[in-house]
Structure formats: structure tokens, C-alpha cells
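K.L.:
have a look; sequence and predicted model below, questions after that.
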Amino acid sequence: MPKAGRIAILGGPTGSGKTSFSIQLAQHWACPIVNADSRQVYRELNIGVAKPSPSEFKQAEHRLFGHVSILEDYNAERYAQEAAMEVRKSLESTGRAILCGGTGLYIRALLEGLNELPEPGAETLARVDRCIREEGIVGLRKAIMKADPLAHERLDMFNPQRMQRALSLLWESGQSLNDLYLQKTLSPLHDVLENCQVEYLGLDWDRETLYHRLHQRCDSMMKDGLLEEVKGLQSHRHLNALQTVGYSEWFEHLDGTVSYPYALDKMKQNTRRYAKRQVTWFKNQFPTRWIPASTWKQDRLFLP
């Protein structure tokens, strides 16, 4: 069993500076950084997911970054098992472990366990499919809110795939999402967490400054070759890994259905929405200690 130690979860919104934050802490603690971003696990996705740069990878040891292909099935269950192994190894060797990323679902699966959700039957899936075909995403959203008026507190109501999954669970079980998500399996780290100090940390930006950073990052991604990266992935656009901000907008542009300025504006808008959801998650779901982003490098609040 790993010795007692400390686990730092560096979360919060995209574009807040988590990569730099994690490298500083990894150098101080002399331990690796374990990825907690559901998109940075894919080796084919780089610019569009803001994966650490080659120079950043050299500054600290990184685990679970780009280790699977977009052609593979990857989910929170597999992540939790893999991340648990890396966290255990880090605790055993250094007494410290760092998780860095904004995917709250993956972090929760690792530290709190997975939900034991029912598997929707063929009749339920056909009913959901019929709802989508006849009423579209608006009808899907209405059906979810009718089945569970509080669903919006847990569900990304702008993600069609997650909405379909949620509606199938609601109709199959007859329970609310809150009730379903209370039915958990054990965390794969359950035997070590009682002896570990777990700290949730985030960099706190005012909204205007964060959005400005996000806009700048989108512009930088385009200059760095994001459109070429997307072109190389067009034949795989149907995969779940590519149904995400930074790729879906540019597939539409490459189809000729939207202009370059429109696609860029849409990417920025979707990135802002994504960041807002991440802030809400880490404020409401985790006991996050928010550190002023403008001063963390000077006051070293994260280096106890």
C-alpha cells in the first residue's frame, strides 16, 4: 500500500494556466503530473486540446497524455483505473501526486468512484432516437427537463451525445439524475485516500480577463496550425473524441457551410461556454481553493 501523502488536483476552467501551474508544483514536489483532461489523452489531438508543448513536457514528467488513439474506446472507468495506478506509483516514490485537468467527471470517477447506472433497453433507445429525429435537440432538451427538472444542474444541455445518454437513463430508470449519480462504486484509490491529504486548487480569474485569454488562445491555435490538424482528422470526424470544441466548428468550415470568421467566432463562443461550465463544476462539486491567478507565481500559495 502506498504511504500516506498528499494529492493536489489542479482544476478549473480551460485557459486558466493549469499547465504552468502544474509544472511549477511538479518541480517543487519532484513528482510527475497525471493528466485529468479527457481530450488530452488522445495522441492525435494536440493544438485543439491545448496539450502541453514539447518544451513543457520536458520541464516535468507527464503521465497519461496522448497515450491512446481516437480510434479506441475510452471512458471515465478506464481513466480511473489507469490514473489510480499512476497516482499510486507517484505516492509510493515521492509521497506526492498531482492531477491536472478540467474534466470533473474523470476526477470524480478516480477519487469518489463511478455511478452504477442502468443499461437502457432497446425500447428506450428507440424512443430516444425517435425524439431526436422528430423534434431535434430542442425536443431532446424539453424531454429531459420534463423527466427531471433539475437535470440542468448536472448535465451539459448543449452536448447532444450526453443529452441522449441522460434521457435514455431517465426514461429507463424513472429516477432523477441526482438519485442515479448517488449509486456509486468504490474509488479505485479508496484504500489510500483516508491516509492522504487531498487538495483541490484552481486559478481564479475575473470573467472578463479569462474570456480575453480564451480569445487570444483561440487565435494562437489558428496561427499554430489548428486548421491543418483538423483537416488531417476529417475522415474520423464521426468519432466521439472529435465531437468537441475546437474541432466540430472547423469541420463545418471545411464543409463550406460556414465562413472562417464565423467558425472562429463560434469556437470562441463555445470555449467560453465550456470554461463557464468548468468553473461552475469546480465551485459546486469540489471543495476548491481558488488562488488569485495574478499573484500565484509571486506568493507561492500553492507550495506549502
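P.N.:
Nice, thanks for sending it over.

K.L.:
tell me the mean pLDDT for the host helix or strand of Arg273?
P.N.:
For Arg273, the host element (DSSP states H and E) is helix 260-284. Averaged across helix 260-284, pLDDT comes to 95.

K.L.:
surely Glu56 touches Lys18?
P.N.:
No: in this structure Glu56 lies outside contact range of Lys18 using C-beta atoms under 8 Å: 11.3 Å. (Glycine included, C-beta is placed from N, CA and C.)

K.L.:
so the two - more neighbours on which side?
P.N.:
Lys18 (24 against 15; other C-beta atoms under 10 Å).

K.L.:
what comes into contact with the helix holding Arg273?
P.N.:
Helix 260-284 is contacted from outside by 11-16, 102, 104, 156, 158, 200, 202, 210-211, 214-215, 217-219, 222, 245-246, 249-250, 252-253, 258, 288, using C-beta atoms under 8 Å, 6 or more residues apart in numbering.

K.L.:
could you rerun that using 7 Å?
P.N.:
With contacts defined as C-beta atoms under 7 Å, 6 or more residues apart in numbering, helix 260-284 is touched by 11-15, 102, 104, 156, 158, 202, 210-211, 214-215, 218, 222, 245-246, 249-250, 252-253, 288.

K.L.:
list buried residues within those.
P.N.:
Buried members of those, counted by 16 or more other C-beta atoms under 10 Å: 11-15, 102, 104, 202, 210-211, 214-215, 218, 245-246, 249-250, 253, 288.

K.L.:
I'd say Ala36 and Cys100 touch.
P.N.:
Yes: applying C-beta atoms under 7 Å as the test, Ala36 and Cys100 come out as touching, 6.0 Å apart.

K.L.:
per-domain residue ranges of this structure.
P.N.:
As assigned by automatic domain parsing, the chain contains the domains 5-114+184-299, 122-181.

K.L.:
okay, those, which one's buried deepest?
P.N.:
Greatest average neighbour count among the domains of the chain goes to domain 5-114+184-299 (a mean of 18), per mean count of other C-beta atoms under 10 Å.

K.L.:
roughly how far out does it sit from the chain middle?
P.N.:
Computed by C-alpha atoms, centre = their mean, to the nearest Å, the chain-centroid distance of domain 5-114+184-299 equals 6 Å.

K.L.:
cross the buried ones among the contacts of helix 260-284 against helices and list the overlap.
P.N.:
If you go by DSSP state H, the buried ones among the contacts of helix 260-284 have 104, 210-211, 214-215, 218, 249-250, 253 in helices.

K.L.:
give me the angle between the longest strand along the chain and helix 260-284.
P.N.:
The longest strand of the chain (DSSP state E) is strand 196-204. Going by axes from the mean of the first three to the mean of the last three C-alpha atoms, to 10 degrees, strand 196-204 is angled at 140 degrees with respect to helix 260-284.

K.L.:
report the mean confidence score over strand 196-204.
P.N.:
Averaging pLDDT residue by residue across strand 196-204 gives 94.

K.L.:
with stretch 95-109 instead?
P.N.:
Computed over stretch 95-109, the average pLDDT equals 95.

K.L.:
and Leu301, what pLDDT?
P.N.:
50.

K.L.:
ugh, wrong one, I meant Met157
P.N.:
So Met157 comes in at 81 (pLDDT).

K.L.:
residues contacting it?
P.N.:
141, 163.

K.L.:
the same query, at a cut-off of 8 Å, please.
P.N.:
With C-beta under 8 Å, 6+ apart, Met157 has these contacts: 141, 144, 151, 163.

K.L.:
narrow those residues to those in helices?
P.N.:
141, 144, 163.

K.L.:
now those residues in a markdown table, with pLDDT?
P.N.:
Listed next are the ones in helices among the contacts of Met157 as a markdown table, based on pLDDT from 0 to 100:
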| residue | pLDDT |
| --- | --- |
| Arg141 | 91 |
| Ile144 | 94 |
| Met163 | 88 |
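
K.L.:
quick one on the thing from earlier: any idea which of the ones in helices among the buried ones among the contacts of helix 260-284 is closest to Ser90?
P.N.:
Gly104 (20.8 Å; C-beta to C-beta).

K.L.:
how close does the closest one get to Gly246?
P.N.:
19 Å (C-beta to C-beta, to the nearest Å).

K.L.:
same question for Ala143.
P.N.:
29 Å.

K.L.:
so what sits against both of Ala36 and Cys100?
P.N.:
9, 11.
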